[in-house]
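Student: Generate coordinates for the sequence data below:
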Amino acid sequence: MTHTATWQGNVIAKSDQTLEVGGYRYFPRDTVRMELLEVTPKTASDLECPHGVQFYDVVEGDKRSLRAAWSYEAPQPKMKPVDHWIGFWEDVEVK
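Tutor: Numbers count the residues shown, from 1 in each chain. The predicted model follows:
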């Protein structure tokens with residue numbers, strides 16, 4: 001089954017090889033339009049995450065959705081299958 005992540009009518013990611021872990025759907029990085037994601041500075045809470053979380057703003061032109069995507073850069077065993085994959089929430093619709 002193909003899954004799509006859409007924000008403000010724009011497809012950000014599309015893949016038939018997504019994984020659902022912990023109630024969230026993750027997309028392989030090479031299926032994500034990374035040019036629409038901007039790395040956000042890590043907060044104290046982010047630094048405490050055992051999986052090495054990195055959040056991203058979704059950005060296009062003057063539109064921005066804060067911290068609407070994330071990736072685990074040093075996942076523990078439970079999250080290892082989605083190592084460096086991208087998850088979405090908030091304004092991003094995943095179908």
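
Student: And the strands in the chain, which stretches?
Tutor: 3-7, 10-15, 19-21, 24-27, 37-39, 53-60, 63-72, 86-88, 93-94 (DSSP state E).

Student: For the third one, buried residues please.
Tutor: Going back to what we said before, that points to strand 19-21. residue 21 (16 or more other C-beta atoms under 10 Å). For every residue, glycine as well, the C-beta is placed using N, CA and C.

Student: Can you list the neighbours in contact with that strand?
Tutor: With contacts defined as C-beta atoms under 8 Å, 6 or more residues apart in numbering, strand 19-21 is touched by 25, 26, 78, 79, 81, 82, 85.

Student: Which one of those residues sits in the busiest neighbourhood?
Tutor: Using other C-beta atoms under 10 Å as the neighbour criterion, residue 26 leads the contacts of strand 19-21 with 28 neighbours.

Student: so how many other residues sit close to residue 76?
Tutor: So residue 76, with other C-beta under 10 Å, has 11 neighbours.

Student: and what of residue 88?
Tutor: A total of 25 residues lie near residue 88 under the criterion other C-beta under 10 Å.

Student: Tell me, what's the model's pLDDT at it?
Tutor: Note for residue 88: predicted pLDDT of 97.

Student: who's in contact with residue 58?
Tutor: 7, 12, 36, 37, 38, 64, 65, 68, 69, 88, 91, 92.

Student: Please name the nearest non-neighbouring residue to the second one.
Tutor: This points to residue 12. Spatial nearest neighbour of residue 12, chain neighbours left out: residue 5 (4.7 Å); criterion: C-beta to C-beta, 6 or more residues apart in numbering.

Student: Let me see the confidence value for that neighbour.
Tutor: pLDDT, residue 5: 98.

Student: pretty sure it contacts residue 24?
Tutor: No. The pair residue 5 and residue 24 fails to qualify as a contact (C-beta atoms under 8 Å) at a distance of 11.1 Å.
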